[in-house]
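Enquirer: Give me a model of this one.
(chains A and B)
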There are 2 protein chains.
Amino acid sequence: MLVRAFVPAHVTAFFVPLFNDDPLKAGSLGAGLNLEKGTTVFVSTEEDGLERHIHVAFNGEPVKRERASISYSVAEELVPADFRGEVEIWQYFDFPNGYGFGNSAGGALGTALALGYTFGGTWLEAARMAHKYEVLHRGGLGDVVGQLAGGIEVRVRAGGPGVGVVDNLFFGDYRVLVVPLGRLSTKEVLDGDVVEAIETEGKLALEKLLMEPRPERMMVLAREFAERTGLLSGELLELAGELDGALKLPSSMIMLGRGLFALLHEKEVDGARALLSDLGLPYDVTGIYDEKPKVGRWIG
Amino acid sequence: MLVRAFVPAHVTAFFVPLFNDDPLKAGSLGAGLNLEKGTTVFVSTEEDGLERHIHVAFNGEPVKRERASISYSVAEELVPADFRGEVEIWQYFDFPNGYGFGNSAGGALGTALALGYTFGGTWLEAARMAHKYEVLHRGGLGDVVGQLAGGIEVRVRAGGPGVGVVDNLFFGDYRVLVVPLGRLSTKEVLDGDVVEAIETEGKLALEKLLMEPRPERMMVLAREFAERTGLLSGELLELAGELDGALKLPSSMIMLGRGLFALLHEKEVDGARALLSDLGLPYDVTGIYDEKPKVGRWIG
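Expert: I've put the predicted structure just below:
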């Protein structure tokens, strides 16, 4: 059987990490948005009566357990212990890994949904499994619940699926500009000194956003958060300034990746493209994904 | 400004009502499914500086406050007190009111989402407002959270949006047959003696479903629930028996309406159509709606 799942890329605008020994209680407060591009996972299963084998591939290339520990852990739990055969998990990413697009959560959630569809279980069980290993392996704290919510999401109570509470903002016909420039290790940032500033500024941003819950306000607060925590600085801050000249709303930093994102109207797209082409920088313009993740049988 | 919202029709398969003085804590456990047809709400607002007027219409006909108390209550709270002008709320239903398709919740949630989009607020605020007046006016206990979840949903913790927890089942390419035959007052059933049987049988059905969480199992349990509570009896039970002859999975009773529903594969549709046409009964075949409700600006 071949099953396909799609999970949107998820960009965090600002956040407050909340650690807990129980992974389901760990999570984050904050806000972010889901993109029409993201992670597609194909899971093929073939029962052959021999041994239980699980394989993971990123963008067509098989990867070892160490490089895909989250997805392997999810699969180990969701493929029945007595299954005898081959389970192949093919993950395809529209954005590069480590750049802050929630790829690890997308891969984990897509894998969990596809395996749940194949072997049984529910959405909540699958989502909790993905969240658990995201937290345990420090992939992220809020991507899974953010991806489940779709649209522009606000995490108002931290926690995994069924524990955390995620709200959504209303939004008009925005496009999303992303400028993915490089990696930033979530693990290193969360283990560093900046965590205190993130907690203070993140709580403040959330409080302010809930008083005026609109996407335009979210972008202003995201930028304040990015600058005040010091996460957005140097060349990336300069670039944000240049983008501001071409756009109505402030751009901000992808949490956590070396990159920027912005909300813009269709008529602003050409100007942004021209600027980024002039600068010779990679960019993409996509839409906001306002649905649930998808999973179903795939007849290719 | 003209804003449109769509909320799927929601059919409950089995349930356990949970009353609470706090409407956000009131709700239900149980399972149900969302349909591709449902309630479409158009909200037009025109500021004219005179008086604040709110109008509600069902299927193009203006309705008085008494007949649309849930939607009027939602609107009274969500239209700002200082708004001066006309607010027209046009609700269109694909199924008749009172037949168990969650129309009152669809109208309330669609109204709340469209007004939230127009005047500000968040999804959670809008959804809570709809749930609150559904509960206070006994429109229903679980429709709003069921409609927010989409797909085939299982209410595993009772309560309103942000309090209750709703799970989803994985499902294949099922169609849904509905046979809407008449009204059944939710209010009267919930005030009657049958509530005890509903509580016992509903809890049992949920427990059994979570041990084997599949749509096929849900239909078997829904039928058991409907018969054991005595809600499905007489002519309606006879009709369910006839449908069983034409379908692979058991049909069951729409909770709460005088009507039946069933999951069927495309190849079973012709047989079901032929049977119901022979019997001279109204029916519809539609799909499962597996998205979030929709809201956005409408340019007609």
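Enquirer: now the closest residue in space to A:Q91 that isn't next to it in sequence, what's its secondary structure?
Expert: In this structure, A:Q91 finds its nearest non-sequential neighbour in A:G107, 4.6 Å apart by Cβ to Cβ, 6 or more residues apart in numbering or on different chains. Quick note: C-beta positions are derived from backbone N, CA and C, even for glycine. Under DSSP: H, G, I helix; E, B strand; the rest coil, A:G107 falls in the helix class.
Enquirer: give me every residue that touches A:G107.
Expert: A:7, A:39, A:41, A:58, A:68, A:70-71, A:91, A:93 (Cβ atoms under 8 Å, 6 or more residues apart in numbering or on different chains).
Enquirer: can you do 6 Å?
Expert: If you count contacts by Cβ atoms under 6 Å, 6 or more residues apart in numbering or on different chains, A:G107 has them with A:39, A:71, A:91.
Enquirer: Any chance of CSV for these, columns secondary structure, neighbour count and pLDDT?
Expert: As requested, the contacts of A:G107 are exported to CSV (DSSP: H, G, I helix; E, B strand; the rest coil; neighbours: other Cβ atoms under 10 Å in any protein chain shown; pLDDT from 0 to 100):
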residue, secondary structure, neighbour count, pLDDT
A:T39, strand, 29, 98
A:S71, helix, 28, 96
A:Q91, strand, 27, 98
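Enquirer: Show me the domain layout of chain A.
Expert: Using automatic domain parsing, the domain parsing of chain A gives A:2-167, A:169-286.
Enquirer: Dump the C-alpha coordinates for the helix or strand of chain A with the lowest mean pLDDT into PDB.
Expert: Lowest by mean pLDDT, DSSP states H and E among the helices and strands of chain A is helix A:186-191, with a mean of 77. Output of helix A:186-191 as PDB, limited to C-alpha atoms (Å, rounded to 0.1, in the frame of the first residue of the first chain):
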ATOM      1  CA  THR A 186      17.200  25.200  17.200                       C
ATOM      2  CA  LYS A 187      19.100  23.100  19.700                       C
ATOM      3  CA  GLU A 188      21.900  25.600  20.100                       C
ATOM      4  CA  VAL A 189      19.700  28.600  20.400                       C
ATOM      5  CA  LEU A 190      17.500  26.900  23.000                       C
ATOM      6  CA  ASP A 191      20.500  25.900  25.000                       C
END
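Enquirer: got the contact list for that helix?
Expert: Helix A:186-191 is contacted from outside by A:17, A:138, A:140, A:256, using Cβ under 6 Å, 6+ apart.
Enquirer: Just the buried positions in stretch A:145-160, please.
Expert: For stretch A:145-160, a neighbour-count test (16 or more other Cβ atoms under 10 Å in any protein chain shown) marks A:145-156, A:158-160 as buried.
Enquirer: Next step: the residues you listed restricted to helices.
Expert: A:145-149 (DSSP state H).
Enquirer: Within range of chain B, give me the residues from the stretch 1-150 of chain A.
Expert: Residues of the stretch 1-150 of chain A lying near chain B by Cβ under 6 Å from any Cβ of the partner chain: A:116-117, A:122-124.
Enquirer: So which of those residues are in helices?
Expert: A:116-117, A:123-124.
Enquirer: which pair in the residues of the stretch 1-150 of chain A next to chain B spans the largest distance?
Expert: Across the residues of the stretch 1-150 of chain A next to chain B, the longest distance by Cβ to Cβ is 13.7 Å; it joins A:Y117 and A:L124.
Enquirer: Quick check: the gap between A:L29 and chain B.
Expert: 14 Å (Cβ to the nearest Cβ, to the nearest Å).
Enquirer: from memory that residue sits against A:A158, does it?
Expert: Yes: using Cβ atoms under 6 Å, A:L29 is in contact with A:A158, at 5.3 Å.
Enquirer: And the closest residue to A:A68 other than its chain neighbours, which helix or strand is it part of?
Expert: Spatially, and ignoring its direct neighbours in sequence, A:A68 is nearest to A:V56 (4.5 Å; Cβ to Cβ, 6+ apart). Applying DSSP states H and E as the criterion places A:V56 in strand A:52-58.
Enquirer: So which bits of that strand are buried?
Expert: A:54, A:56, A:58.
Enquirer: same thing with stretch A:165-182?
Expert: By neighbour count on 16+ other Cβ under 10 Å, the buried set for stretch A:165-182 is A:165-171, A:174-181.
Enquirer: And the residue most central in space within chain A, how close does it get to A:K132?
Expert: Relative to the mean C-alpha position of chain A, the nearest C-alpha, by Cα atoms, centre = their mean, is the one of A:G102, at 2.4 Å. Spatial separation of A:G102 from A:K132 under the definition Cβ to Cβ, to the nearest Å is 16 Å.
Enquirer: Please apply the same query to A:E216.
Expert: Noted for A:E216: a distance of 35 Å to A:K132, by Cβ to Cβ.
Enquirer: These two: which has the busier surroundings?
Expert: A:K132 (23 against 16; other Cβ atoms under 10 Å in any protein chain shown).
Enquirer: Now do the end-to-end distance for stretch A:258-273.
Expert: End-to-end span of stretch A:258-273 (Cα to Cα, to the nearest Å): 19 Å.
Enquirer: And stretch A:229-240, how far out from the chain middle?
Expert: In terms of Cα atoms, centre = their mean, to the nearest Å, the centre of stretch A:229-240 is found 21 Å from the chain centre.
Enquirer: For it, which residues meet the burial criterion?
Expert: A:229, A:231-232, A:236-237, A:239-240.
Enquirer: now, which of the residues you listed lie within helices?
Expert: Judged by DSSP H, helices contain the following of those: A:236-237, A:239-240.
Enquirer: B:L2: which of the residues you listed is nearest?
Expert: For these, the nearest to B:L2 is A:A240 (35.9 Å; Cβ to Cβ).
Enquirer: Surely that closest one touches A:S251?
Expert: Yes: under the criterion of Cβ under 6 Å, A:A240 makes contact with A:S251 at 5.0 Å.
Enquirer: what about A:M1, neighbour count?
Expert: Neighbour tally, A:M1, other Cβ under 10 Å: 13.
Enquirer: which residues does the closest residue to it other than its chain neighbours contact?
Expert: Spatial nearest neighbour of A:M1, excluding adjacent residues (Cβ to Cβ, 6+ apart): A:T45 at 5.5 Å. When contacts are counted by Cβ under 6 Å, 6+ apart, A:T45 touches A:1, A:87, A:118.
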